[in-house]
Each structure stands twice: as C-alpha cells, then as structure tokens.
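Engineer: output the structure for:
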Amino acid sequence: MLLASHTGEPLEAGLDEAGRGCLAGPVFAAAVILPPDFAPRYLNDSKQMTARRREQVRLEICQEAIAWAVAEASPQEIASINIAQASYLAMHRAAEQLQPRPTHLLVDGNRFRAHAAIPHTCIIGGDAVYRSIAAASVLAKTFRDERMRQLALEYPHYGWEQNAGYPTASHRTAIRDFGPTEHHRMGFRLL
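Structural biologist: Model (predicted):
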C-alpha cells in the first residue's frame, strides 16, 4: 500500500522523471500534489503498470490532483549540461508550474539539485512507496511516451512508438542504417 505523505504537509509534491536512459527524445519530469484521500486502485510505480493502466490512472490523476505539471529538458540541453542535470532541470520546471506552490518536494531517487525556495527529500524507490511520487511517475512516463509516438510519425525508422527511444537492438540498427536525428542524444553512445 502506497503512503499518502512523508512530511504530513498538505502541499507536499511528488517528483519523478522518465526517459533518463534513452538514446533519443527529451527527458520528462512531473510534479504532483495529491489530496490526502486520493488512492486509485491501480496507482503504482509506472514501470509496474501496463500501458493501458497507466493511461487510466493518468486520467484520474489529472482530474483529482490538487495540482500537477509536466515539463521536459531537450536533447540539446541534455548534451549541454548532462542527463542528471537535465533531469533536475525538468523537475524544477515541473515544480515551478504548480499552483498552489508546494511546501515540500518528495523526489524519487538518491540525488537532486536543491530548489532555491522549496525543501526536498530524496526517496530511493519512492515511486513504489509514496502516492505522489507514483503519480508523478505515471504522468512523466505517459506524457513522454505520447511525445515519442508523435515523433515516430516524423521519424518512422526508429520504432519510437514501441521503444520510446530506449536502446533496443532495433533502435540501434536503425541508427546505424539511417543515422541519428536531431532528437538523438549525441553525448550518448548510440551504437
């Protein structure tokens, strides 16, 4: 059973990212403030959910959350500042969009670049512990997957509608055969 809160503060926001290990596309992050009684039946770490369940729970989150936001950092930003810093940048962008402003950030993982105005706590495996982080995990993953499906229409050779930019054998083969696109992360080992 996922926990409702870490601090007990009513405006605690969960933060998570999606797409850190991809070869292509932006890294996405989501920030979510949930009401204390929000507990959808299937809410979990997005990696433990089917695509259909994620979409179903995404709708519930977007309808019931006190506040939610999704943000990204581009492949060019990733190349410029590295993937870890780009992930933090996307998380900061998401947190800054929240209205009302969160009083505390619960971040999935073991590291985070502190936000100037909002205290935070890092929770390793937090998307399997806290509802707000699990909700952020679902939003980051579903919004990023949606973006990669859109990009796949423009770049059909890479299979992004299926692999979401992750380093599958078929994705690497397409990079070798067709070369990288502007959406590939040039600082990553593509082949």
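
Engineer: right, and Glu55 touches Thr142 too?
Structural biologist: Yes. Using C-beta atoms under 8 Å, Glu55 is in contact with Thr142, at 6.2 Å. (C-beta placed from N, C-alpha, C; glycine too.)

Engineer: between those two, tell me which one has more neighbours.
Structural biologist: Legend: neighbour count by other C-beta atoms under 10 Å for Glu55 and Thr142, higher for Thr142 (24 against 14).

Engineer: looking at this, that one is in a strand?
Structural biologist: No. Read with DSSP: H, G, I helix; E, B strand; the rest coil, Thr142 is helix and lies in no strand.

Engineer: quick check, it in contact with Arg58.
Structural biologist: Yes. Contact criterion C-beta under 8 Å: Thr142 and Arg58 qualify, at 4.7 Å.

Engineer: low pLDDT regions in this structure?
Structural biologist: Regions of the chain meeting the criterion pLDDT under 70 are absent.

Engineer: what segments of it are strands?
Structural biologist: 12-18, 27-33, 67-73, 104-108, 120-123 (DSSP state E).

Engineer: in terms of secondary structure, what does the fourth one contact?
Structural biologist: The elements that strand 104-108 packs onto, with contact taken as 3 or more C-beta pairs under 8 Å, 6 or more residues apart in numbering; DSSP states H and E, are strand 12-18, helix 83-97, strand 120-123, helix 131-154.

Engineer: most packed of those?
Structural biologist: Most buried of those, by mean neighbour count (mean count of other C-beta atoms under 10 Å): strand 12-18, with a mean of 29.

Engineer: cool, thanks, talk later.
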